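>>> This is the structure alone, sequence omitted:
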């Protein structure tokens, strides 16, 4: 009888955390179990947006989950958070971020060294993500500790580059020595590939994108609904849903809303993150802007389907550092997108080449407003965008398509 192949997934967030990247790693782990792998997961004991501590060990759907303790020095139960923030001024600083990340990396090393008796496990593969951002500090330890294991690194976000961009600090530290231990690298788009080709010189590189969480069957809709039957009297609903952080901007969307303020269109925002906090403080926003509360992942599919167009954003200069994964969630539910960002980016090229939406920037707001006015009267455009989106997603970007591709990379 052949021995089961074994794999260790390492990522900060995992089931039951509902954040996007946790869902991706949870889906991947389940897919691996279903394909005969012996799957272990090393993760943290806290969820991103919810309180409480998760159990140290758990078996979920055949997946062996080992959770490491994250330092709680910044929790209000331990110290007066307001006092620390006001005196040391560490809230959302690089000092706090590095301490938090070092805590989980240190805890993971301890766990891998002793507590769970990893001495008796020979992993064929170790698959590690980019949260925490300093996870690459583990690479020398992992290669030394598991000499025969192949190390695979999935770049959801590009670190340490995002630290330099996020905190506006010079690129004065050289972490390239850590990346030589990796065997295979998964990246998100061509912009990211251009930034990492030299860093991972000689390594095998693969483009692997995230998938949408809601994957409704829309075959009948796009095959049998004539575009002329689409309702043209309801308010056109344009939705931004999900992370609206430092790498995203809403300025172009506000300008677009202002230019179409007297038209039958509503711009809905349901988000979280640093830029979301700024958006909520905007005084006298256009009257067709609506700020909404979020929904659970169980409700996400219906929520995304109710919108007519989805919004995406990536600040200029952030190309290759990250990719709005909500693009694939929009494609999964058959929606066209309006992307705010550089026209020279990979995502802009992807959207225009595949005819799944349009690109907005500070120079073409008037033209985009004219397009919105045209769509209000002629919604067949939305049908075409949505059909192109959905068919492309099913062919190349669905959970099944992407996880099957990852299986081939692991083989």
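Received the coordinates, thanks. Computed from a predicted model, the values in this text were never measured in an experiment.

>>> going forward, measure contacts and count neighbours with C-alpha atoms only.
OK.

>>> Return the mean pLDDT over the longest helix along the chain, rounded to an integer.
Counting residues, the longest helix found in the chain (DSSP state H) is helix 94-110. Mean pLDDT, computed over helix 94-110, is 82.

>>> List the contacts of residue 356.
Residue 356 sits next to 335-337, 384-386, 388-389 when contact means CA atoms under 8 Å, 6 or more residues apart in numbering.

>>> want to throw these into CSV with secondary structure and pLDDT?
As requested, the contacts of residue 356 are arranged in CSV below (DSSP: H, G, I helix; E, B strand; the rest coil; pLDDT from 0 to 100):
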residue, secondary structure, pLDDT
335, coil, 97
336, strand, 97
337, strand, 98
384, helix, 94
385, helix, 96
386, helix, 96
388, helix, 97
389, helix, 97
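
>>> I would like the residues contacting the helix or strand just after the longest helix of the chain, please.
The element immediately downstream of helix 94-110 (helix or strand, assigned by DSSP states H and E) is strand 125-128. The contact list for strand 125-128, computed with CA under 8 Å, 6+ apart, reads 6-11, 135, 149-154, 410.

>>> rerun at 7 Å
Residues outside strand 125-128 that contact it (CA atoms under 7 Å, 6 or more residues apart in numbering): 6-11, 149-154.

>>> and whichever strand or helix holds residue 40, what other elements does it pack with?
Assigned by DSSP H and E, residue 40 belongs to strand 38-44. Here strand 38-44 touches strand 6-10, strand 63-68, going by 3 or more CA pairs under 7 Å, 6 or more residues apart in numbering; DSSP states H and E.

>>> Now the closest residue in space to residue 403 that isn't next to it in sequence: which helix or strand?
Of all residues not flanking residue 403 in the chain, residue 28 sits nearest, at 6.4 Å (CA to CA, 6 or more residues apart in numbering). Element membership for residue 28, per DSSP H and E: helix 20-34.

>>> so for that helix, what's the average pLDDT?
Mean pLDDT, helix 20-34: 95.

>>> chain center to that helix: distance?
Computed by CA atoms, centre = their mean, to the nearest Å, the chain-centroid distance of helix 20-34 equals 14 Å.

>>> OK, contacts around the most centrally placed residue in the chain?
The residue lying closest to the centre of the chain (CA atoms, centre = their mean) is residue 325, at 4.6 Å. For residue 325, the contact set (CA under 7 Å, 6+ apart) comprises residue 210.

>>> Pull up the per-residue confidence for it.
Predicted confidence (pLDDT) for residue 325: 91.

>>> do the one 5 residues further on as well
Here, the pLDDT recorded for residue 330 equals 97.

>>> buried stuff in the longest helix of the chain?
Buried residues in helix 94-110, counted by 16 or more other CA atoms under 10 Å: 97, 100-109.

>>> ok, so of those residues, who is nearest residue 270?
Relative to residue 270, the closest of the buried residues of helix 94-110 is residue 97; by CA to CA it sits at 25.7 Å.

>>> what about that closest one, distance to residue 166?
Using CA to CA, to the nearest Å, residue 97 is found at 11 Å from residue 166.

>>> hang on, the earlier thing: mind putting the helices and strands packed on strand 38-44 into TSV with mean pLDDT?
Putting the helices and strands packed on strand 38-44 into TSV (pLDDT from 0 to 100) gives the following:
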stretch	mean pLDDT
strand 6-10	97
strand 63-68	93
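
>>> can you tell me which of those comes nearest to residue 249?
By CA to CA (comparing all of those), the closest turns out to be strand 6-10, at 30.6 Å.

>>> Tell me the buried residues in the closest one?
Buried positions in strand 6-10, judged by neighbour count with 16+ other CA under 10 Å: 6-10.

>>> name the helices or strands packed onto it?
Where contact means 3+ CA pairs under 7 Å, 6+ apart, strand 6-10 is packed against strand 38-44, strand 125-128.

>>> averaged over its residues, what pLDDT does the last one have?
Looking at strand 125-128 alone, the average pLDDT works out to 97.

>>> For it, which strands pair with it and how are they oriented?
Within its sheet, strand 125-128 is paired with strand 6-10 (parallel), strand 150-154 (parallel), according to DSSP bridges.

>>> relative orientation of the first one and strand 38-44 in degrees?
Taking axes from the mean of the first three to the mean of the last three CA atoms, to 10 degrees, strand 6-10 and strand 38-44 form an angle of 20 degrees between their directions.

>>> Renumber starting at 224 from here on
Shifting the count to begin at 224 puts that one at strand 229-233.

>>> what angle separates strand 229-233 from helix 317-333?
160 degrees.

>>> Check the offset of strand 229-233 from the chain's centre.
Counting by CA atoms, centre = their mean, strand 229-233 comes out at 20 Å from the chain centroid.

>>> The last one now?
When distances are taken as CA atoms, centre = their mean, strand 373-377 is centred 18 Å away from the chain's centroid.

>>> Which parts of the helix or strand following that strand count as buried, going by neighbours?
Using DSSP H and E, the helix or strand that follows strand 373-377 in sequence is helix 384-390. Burial within helix 384-390, assessed by neighbour count using 16+ other CA under 10 Å, is assigned to 385-386, 388.
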